[in-house]
Structure formats: C-alpha cells, structure tokens
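Novice: Just the structure for this:
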Amino acid sequence: MEFKIGNKIVEIKFDFRLMFRIDKDLATKDANGQSSKNGIGALFYKIVDRDDQGIVDLIQFCGSKKGKAVSEDEALSAIENYFEKSDAEDPQEALFEEIQEEMVQSGFFKKKILKYIENMRLGLELAESQATDNDATAQMQAKAISEIIGKMESALS
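Specialist: Numbers count the residues shown, from 1 in each chain. Below you'll find the model as predicted:
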C-alpha cells in the first residue's frame, strides 16, 4: 500500500518492524507513563469501526521520520490523493477494507490483535462482575466492550 506525501511515496508494509513500532508508540500509557502495548489493537479497532482517525494515524506514523513528522494536513492530502486515483465506487470503504485485510493477513499483526481481544475479554469479565442491576454505568461498559470484541472478531474471520 502506497501513499504520496508531498513529493515522496510512503509504502506501508504490515511487517514485524511496523507492528513493533505501532504497538510501542501508539499504545495507551498509564499514569506512570508505562505503555500498555495495545497500539495494534487500538489501531485495528479504529479501522474496523471505520474511524477516519485510524487512517490518518497510520499515514502519519509511517510517513514520519526522525526530525520530520507528517502533519495531519499532509496525511489528509495523501488520503485525498489516494481516493482520486481509486476506481472503487466507495474509495473510503475500499481503503478501510484494504488496511483491515492487510492487518489480518499479517501474522505479526493478527497475533497482537488476538492478544488485544483476549485482554478485552478480561476487561469484559471484570465489567460484568461489577454490573449489578443498579449499576447502569457498569452494564453499559460491559455492553460496549462486548460490541468491540464482536466487531474485531468478525473482522478477523
């Protein structure tokens, strides 16, 4: 998969190097700044949920080099350029599908996605154990986690 950012072409390969960097750099951090190493799962969910920010994040991440970060505007221009060259009826949906498929086909990414789902299941168990008839927040949280897991598992099959 390639995107044109300014005058350069950025190729995105879903290999071990990209998996490692995304999992490290796009992960959420706890109060002490420790990485939860969930960058792949979080990015995959954005793609599965058709959140445009996921595509922007991916292009910014892959296109940035030390000392020269790709701006959001540059990433948006790269996406627009990609859409202009696409012959798909719905180029946005086609791009989401292509990214999703490449992430799933990469053994490195798929392994991390499965681990993310496993961790989400633990969160679901916790939320369900806290969800009493009187705790609507915990019930809603459990339902949301369950829906996320369902979407991600569906995308993997």
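
Novice: Now do stretch 31-46: everything it contacts.
Specialist: Here stretch 31-46 makes contact (CB atoms under 8 Å, 6 or more residues apart in numbering) with 19, 22-30, 51, 53-54, 57-58, 100, 103, 109, 112-113, 115-117, 119-120, 148, 151-152, 155. C-betas here are computed from N, CA, C, even on glycine.

Novice: and Asp73, how far is that from Glu84?
Specialist: Look at Asp73 and Glu84: by CB to CB, to the nearest Å, they are 16 Å apart.

Novice: I meant to write Leu95 there.
Specialist: Distance, Leu95 to Glu84, by CB to CB: 12 Å.

Novice: Neighbour count for the two, which is higher?
Specialist: Between Leu95 and Glu84, counting by other CB atoms under 10 Å, Leu95 is the more crowded of the two (20 against 8).

Novice: Which neighbouring elements make contact with the helix or strand containing that one?
Specialist: Per DSSP states H and E, Leu95 falls inside helix 91-105. Counting contacts by 3 or more CB pairs under 8 Å, 6 or more residues apart in numbering; DSSP states H and E, helix 91-105 packs against helix 39-48, helix 52-63, helix 72-85, helix 107-130, helix 136-156.

Novice: So which of those is nearest Glu11?
Specialist: When the helices and strands packed on helix 91-105 are compared by CB to CB, helix 52-63 sits nearest Glu11, at 8.1 Å.

Novice: Buried residues in the closest one, which are they?
Specialist: Neighbour-count burial for helix 52-63 flags 54-63 (criterion: 16 or more other CB atoms under 10 Å).

Novice: same thing with stretch 13-21?
Specialist: With burial defined by 16+ other CB under 10 Å, the residues of stretch 13-21 counted as buried are 14, 18-19.

Novice: Can I get these in a markdown table including secondary structure, distance to Ala78 and pLDDT?
Specialist: Listed next are the buried residues of stretch 13-21 as a markdown table, based on DSSP: H, G, I helix; E, B strand; the rest coil; distance: CB to CB, whole Å; pLDDT from 0 to 100:
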| residue | secondary structure | distance to Ala78 | pLDDT |
| --- | --- | --- | --- |
| Phe14 | coil | 17 | 95 |
| Leu18 | helix | 17 | 93 |
| Met19 | helix | 21 | 93 |
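
Novice: Thanks again, I'm all set now.
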